[in-house]
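> Have a look at this prediction, sequence included:
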Amino acid sequence: MPRREGQWDNVTDVKDARRLLDCERTSRELRFQYLVRCYLCQILHGCVSAYCTTPTCLSCSRRLVSRPFRPPTQLTARALAYYLASQPDPSHGLCPHKLRLDPTDLELELGGTSRATAGEIGSVAQRHQAKKDPKSLGQNIYDTVTVIYSYSKHIPRPYSMFASLRSTAPIAQTSAGETTDHANGQPSHPMKKHPSQSYCTPEPLSNGQHVHKFRHMPRKSLESSSLDGALEGTHLGMSDMRTKPPKTRLPPTPRHGFSSLNILESAQSARVHGTEEKSRRALPVVPYLTCDILDTLKQDVCQGRNKLSSDLDYFVEFDSTNRDFQLATPFVNRSLFYTLSKPATLLESFRDLSNPDYKESPLPHLDASRLTVAFGDWKQRNGALIFDSLWTAVEALFRPPPELDTQKSPRLKPSRKDAVRRTPETYKSPSDISTPYLSDEEAAHLVMICVHALTSLVSTSWPNSWPQVRNFRGWGVVLPSAPPGPDHANSFARFISIIDELEFEPAIRLADRLLRGIGTRMCFEHILASLKGRDVGAETSHSRQVSPLLSLLIEHLAVVERAAIAKKTKHKVNQNPAEDPGWTVTATFLEWLRTIIIKKFDGKAEVNKWDSVGAAIIVLDSLHANLPRLNLRKDMFSIPYLNEHVDTVAMPNAFLNWEERPNSVHLFQFPFLFKDAYLVAYFRAINFNRMFEQFEHAGRTKHLQRRFDILLDRSHWQMLNDRLRVTREDFLRVEVTREDLLKDTLDYLWGQERRMLLKPLKVIIGKEEGELGFDQGGVTSEFFRLVLGEAFKPDNGLFTIDSQTRMTWFHPVPLEPIWKYEMIGVLFSLAIYNGITLPVTFPLVFYTSLLGAHRPDYPYYREQDESAIDSIRDGWPMLAKSFDELLRFEGNVEDVFARDYVFSADAYGATLDYDMRTKKEAGEDVQPVTNENREQFVVDYIAWLTVTSVRSQFLAFRKGFLTCLEPKSLDFFTPRSLRSLIEGSPTISVTQLRKHTHYDDGYTPTTPTIVDFWTVVESYSQDKLKKLLEFVIASERVPVTGYESMGFSIYRAGNDTDRLPTSSTCFGRLYLPEYKGREKMREKLGIALQYSKGFGVV
């Protein structure tokens, strides 16, 4: 990239130790060391409290043990201390009381031997545990020199390091024969001088400028600790740790061209005006970042391990033999930390771009395509530095708004104050620097920078790799046991690359904290709403009332995806809307959300709304509500891992009694997290549980009555039988005739108690006509097919059927009483309750209205013109097409269309017109449709069609529909999934049916008779295929659970014969004789399907 003039004129000098990478790293190391020492003190020495309840404190352990107490060894204390200090909340296990031994006074026991004579190696040997299991990996790890040295070594203070880095003179070192008395009165050993090592040594760069190095390495001899001056950690030297001898590092050779080193030199010379003193004191960094600056900084790397700049101690040491690793220079790393770790500088960054593609975005300065390139490949240059720096800056999202900051915070308990104050020093990290509350736009800017850092880490790979990645990770599988796809070598390598990047621990830490920050912001919004008097308790988490921050993010991501699609279209890259989009910013961000949910999920269906899992689910809900705009697919949201870790029977039933809480959500409020098959299983588990309770209650009642029969006389026994008639019934037995099926059914169901309808259903059809069929499921399916077919006949005046789409809808002017609609609703409720797929076809708006009966996020119709037309497009396609033409017409609508502002309904040969303004029959003064009111006319007409004209009919139907169903169990479904549950699939696939067919009694898939059978079936039309399914399983629809759940099976029914095929609809069996010849098979099967009415025993 060519250098632009004046780009680096404003390089700034770091004047605060908290903003310097070296000091921040040292501070973190110092805090962790002190935390480990605190745990060691409480484990080995305990506290002063006689009633301590901290399990890891020696005082508590000694008090609770009745038998002789065995104190923990040094090795046990080390292992436990490091474990506790490595937890997500490392200070949670600290004892709140005053410790017997202050962590700054901690010493290691050396057994009283002479340290001077034994030497350093002997001193280290004294610290190892004498008795340990040589095969124990844990004991051998925590007894190594590295572990002992990590909590006992000398670590300089951040401020002293900062002063040393800016100092022009090296730090004076103690002479070889000098000894120093420590704070505990014990003398330390003299320090051995090393001619080639010092803690602050000036080195000349290629331009003659002197830069001070500060090397973080253990001292060669005993020295007082910076924490306490104790003897702790003074015996360890580099030779004891068996490190490799340091390689000779040559000074960097001058390079031609543009680099950050040249930038550093020119910037410093311009600022000091030739003053060598000031240039040596400066620690220059870039004050802000842009995409161009990131690209330029990315070019300045250290070429090879032997040529690494010696004035930086790297976070991660990479393998020098790996060609992908190109370590960045100290100036680059310090600049990245300086700009990315503080919210103020981060908010000033990336504001130099003005891409016209993003002008409609609330964040128009963030160019997603440029940011993706700028944030890419940094992992190979400085490891986790970018993610750790952003992790620090994300703390600004936890800052409460001024309205809440003035509220009185709860007081800490006295016992916890001492634990909170226990800190090694008053040094504060950049996140502790006072940061004002961020506005929604500023917070969205910070969040999007983190999102781009996370998404840019993941390689784009090939589009066909991403469906496999999403599938495996949805199940919680990190690495599959076998390579996916036919091209094993290439596809598996790409697969592993994506997995490694999604499992990068620093990125996971950033994603987790980012989501907790978003959740905290939403919590603040909720609290502010309650303080302002809004009824937030009435607002459910499922009402899709997105927070302002999420609204900004969704709007920006929509623009990002629109620009990406436009770019692909420009390059003639066409994408099928049904296919996986592959790598996109939003899709990859969605994958990070799923990753956090899987890693942090604790197995409980109730989730804290404000932690990382709850926030991730709420963000997913916002993304799911904008699927088309964000170029996402429905199947990308499902997480089968959740189904594997919840009780699929107890959890759905517990959900019925779960009450909404302001700080928690339930997984079942978000059905997009589960596959449709799982949701159907949950729904039917609820219904089966209620059905079994009624059946079990009837059995207990009959058993109790039999035990007390001997104590009752005949009159009391008869009275009990009358009152317990419903309770004692095991089943709901419906007996009807084929001649008057609808009337018999409605007469039987009218007046039945609700608890009677909740019992298992058994149907008897045509018993008086001589039919003999035992209902094991097939008779019930036949019953609902026949009775609903009779109810939906237009001649009955209850429903109308569209001649083109065959859609069923309520008659706007019914001749029958309203109670019949309620009974039809009861029939629907009974069928769904008993798991029967119905042969009905309703438009999608019907199921939207059913869900809208108790869920405010699904209104009867959409108030927006486009959404309103889309809601009726499947049921009334010609009407929707005419509305589209009406809205797009550019001429005078009144002259060309000549349409009045009325709603028209056909009623038995006559057309009735209703004025939609007055809600009365239209008169002569009706208003025409004009260009000005045509949009409102479309909305009003659809409202009349779907709501106003059928309100009483629909309300009666809905009342009956909810008779056997729990309204809350319908929360599992969307309108489309509810339609699939009720109607199934009207399209039959012979390939899928053949794939899931079972054979018995000598038949196999390759038997000639079976081959002839499928050859005949493949020639059938859809209508004839429906008759085949109806003949075998008593249903012409494929259920929502798929072909495998139908149990379609073919049994051998003897040798060649003139008998027709028979079936057992209760068990889905087709009894097929072994016909000789395909034409005979076609003839016999056709006759059986044509005359298949009725039941009997064969």
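Great, that's in hand. Here the structure is a predicted model, which is why all the values come from computation and not from measurement.
> Can you give the domain ranges for the chain?
342-399+437-674, 844-982, 984-1090 (automatic domain parsing).
> Which of those domains has the lowest mean pLDDT?
Mean pLDDT is lowest for domain 844-982 out of the domains of the chain, coming in at a mean of 82.
> Tell me how far that one lies from the chain's centre.
Centre-to-centre, domain 844-982 and its host chain are 36 Å apart (CA atoms, centre = their mean, to the nearest Å).
> Also stretch 1052-1072?
Mean-position distance between stretch 1052-1072 and its chain equals 50 Å (CA atoms, centre = their mean).
> got the buried residues for that stretch?
Neighbour-count burial for stretch 1052-1072, counted by 16 or more other CB atoms under 10 Å, picks out 1052-1053, 1060-1066, 1068-1072. Any C-beta I mention is one placed from the backbone N, CA and C, and that applies to glycine too.
> Next: stretch 66-84.
By 16+ other CB under 10 Å, the buried positions in stretch 66-84 come out as Gln74, Leu75, Thr76, Ala77, Arg78, Ala79, Leu80, Ala81, Tyr82, Leu84.
> State the number of residues packed around Ile618.
24 (other CB atoms under 10 Å).
> hang on, the earlier thing: could you save the buried residues of stretch 1052-1072 as TSV and add columns showing secondary structure and distance to Asp295?
Below are those laid out as TSV (DSSP: H, G, I helix; E, B strand; the rest coil; distance: CB to CB, whole Å):
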residue	secondary structure	distance to Asp295
Arg1052	strand	73
Ala1053	coil	76
Leu1060	coil	78
Pro1061	coil	73
Thr1062	strand	76
Ser1063	strand	71
Ser1064	strand	72
Thr1065	coil	70
Cys1066	coil	70
Gly1068	coil	64
Arg1069	strand	69
Leu1070	strand	68
Tyr1071	strand	74
Leu1072	strand	71
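> Return stretch 139-153 as CSV; C-alpha atoms alone will do.
Once non-C-alpha atoms are left out, stretch 139-153 reads as follows in CSV (Å, rounded to 0.1, in the frame of the first residue of the first chain):
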residue,chain,number,x,y,z
GLN,A,139,1.1,-34.1,40.8
ASN,A,140,4.0,-34.0,38.4
ILE,A,141,2.7,-30.8,36.7
TYR,A,142,2.2,-28.8,39.9
ASP,A,143,5.5,-29.9,41.3
THR,A,144,7.5,-28.5,38.4
VAL,A,145,10.0,-25.6,38.5
THR,A,146,7.7,-23.6,36.2
VAL,A,147,4.7,-23.8,38.5
ILE,A,148,6.7,-22.9,41.6
TYR,A,149,8.5,-20.1,39.8
SER,A,150,5.3,-18.6,38.5
TYR,A,151,4.0,-17.5,41.9
SER,A,152,7.4,-16.8,43.5
LYS,A,153,9.3,-14.9,40.8
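> For it, buried residues please.
Across stretch 139-153, burial judged by 16+ other CB under 10 Å covers Gln139, Tyr142, Asp143, Val145, Val147, Ile148, Tyr149, Ser150, Tyr151, Ser152, Lys153.
> For that stretch, what is the distance to the chain centroid?
Chain-centre distance of stretch 139-153: 39 Å, with CA atoms, centre = their mean.
> Kindly report the same for stretch 700-710.
53 Å.
> Show me what the top helix by length along the chain is packed against.
Secondary structure assigned by DSSP state H gives helix 676-707 as the longest helix of the chain. When contacts are defined as 3 or more CB pairs under 8 Å, 6 or more residues apart in numbering; DSSP states H and E, helix 676-707 packs onto helix 650-656, helix 725-728, helix 819-833, helix 975-983.
> Any idea which residue is closest to the centre of this protein?
With distances taken as CA atoms, centre = their mean, Arg594 lies nearest the centre of the chain, 3.5 Å away.
> quick one: contacts for it?
Arg473, Gly474, Ala616, Leu620, Ile639 (CB atoms under 8 Å, 6 or more residues apart in numbering).
> Neighbour-wise, give me the winner out of those residues.
For the contacts of Arg594, the largest number of neighbours (other CB under 10 Å) sits with Ala616, at 28 neighbours.
> What helices and strands are in contact with the helix or strand that one falls within?
Assessed by DSSP states H and E, Ala616 sits inside helix 612-624. Contact partners of helix 612-624 among helices and strands, from 3+ CB pairs under 8 Å, 6+ apart: helix 505-531, helix 548-570, helix 585-600, strand 606-608, strand 664-666.
> Let me have those in TSV, extended by distance to Lys135.
Formatted as TSV, the helices and strands packed on helix 612-624 follow (distance: least, CB to CB, whole Å):
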stretch	distance to Lys135
helix 505-531	29
helix 548-570	53
helix 585-600	32
strand 606-608	42
strand 664-666	46
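> how about Thr800, secondary structure?
Using DSSP: H, G, I helix; E, B strand; the rest coil, the secondary structure recorded for Thr800 is strand.
> mind checking how far it is from Thr948?
Thr800 sits 16 Å away from Thr948, going by CB to CB, to the nearest Å.
> and if you look at Ala681?
Distance, Ala681 to Thr948, using CB to CB: 38 Å.
> Check Arg629 too.
Using CB to CB, one gets 31 Å for the distance from Arg629 to Thr948.
> Noted, bye for now.
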